[in-house]
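>>> A structural model of the following input is requested.
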Amino acid sequence: MENVVGIGEYVTSNNVTDTIKTFALASCVAVTVYCPKKKAGGMIHVALPSPMGQNCDNRLGYFATTGIPLLINKVCTEFGCLKAELIIQIFGGANSINKNDVFHVGKRNIEAVTDTLSMLNLEINMSDVSDKYSRTIEMSMETGDIKVSRQLLII
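Here you go, the predicted model:
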């Protein structure tokens, strides 16, 4: 079954016939987590680095600092995965095509994702971030393989 991850959402699975997919990652960052031993994992589609004082109780997956720990905890507790067994990959965080961009959300998202993973003592095994591409990614739960489709961002 194809499970679609929307902005600020995450999906986990241990069904080898499943795929997990998210669309149009521009400044957003997707984090994939996969445990080859258990053939289990998940994906989150992070929109912003952190809540910055906002009440995020109902949108924990929207932010890197709150969503990533939630995803890791769920994969480990629900499927019995060990953190040391996890393969972590990150995608997205595109640079803005607007030359006057002062927010640099893509760059800030990448930094928040890498910092959050580092605080959790997790290593990023592969990354496909930055640049000026929108990315759609799909993860196979049988193998953990990721298919990436890129489209150049245009004005």
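
>>> tell me the contacts of the residue of the chain most remote from its centre?
In the chain, the greatest distance from the average C-alpha position (C-alpha atoms, centre = their mean) is reached by residue 100, at 26.6 Å. Under the criterion of C-beta atoms under 8 Å, 6 or more residues apart in numbering, residue 100 has no neighbours. Quick note: C-beta positions are derived from backbone N, CA and C, even for glycine.

>>> check which helix or strand covers it.
Remark: residue 100 resides in no helix or strand, with elements defined by DSSP states H and E.

>>> could you number the chain from 23 rather than 1 from now on?
Okay, residue one is now 23; in that scheme the one you just asked about reads as residue 122.

>>> list the contacts for the spatially closest residue to residue 160 that is not a sequence neighbour?
Distance criterion C-beta to C-beta, 6 or more residues apart in numbering; nearest residue to residue 160, sequence neighbours excluded, is residue 43 at 4.2 Å. By C-beta under 8 Å, 6+ apart, residue 43 lies in contact with 24, 25, 26, 27, 158, 159, 160, 161.

>>> just the CA trace of the helix or strand hosting residue 43, in CSV.
Assigned by DSSP H and E, residue 43 belongs to strand 41-47. C-alpha atoms of strand 41-47 as CSV (Å, rounded to 0.1, in the frame of the first residue of the first chain):
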residue,chain,number,x,y,z
THR,A,41,5.8,2.3,0.4
ILE,A,42,5.9,5.7,2.1
LYS,A,43,5.9,8.8,-0.2
THR,A,44,6.0,12.5,0.1
PHE,A,45,5.6,15.1,-2.6
ALA,A,46,7.1,18.4,-3.6
LEU,A,47,9.8,19.0,-0.9
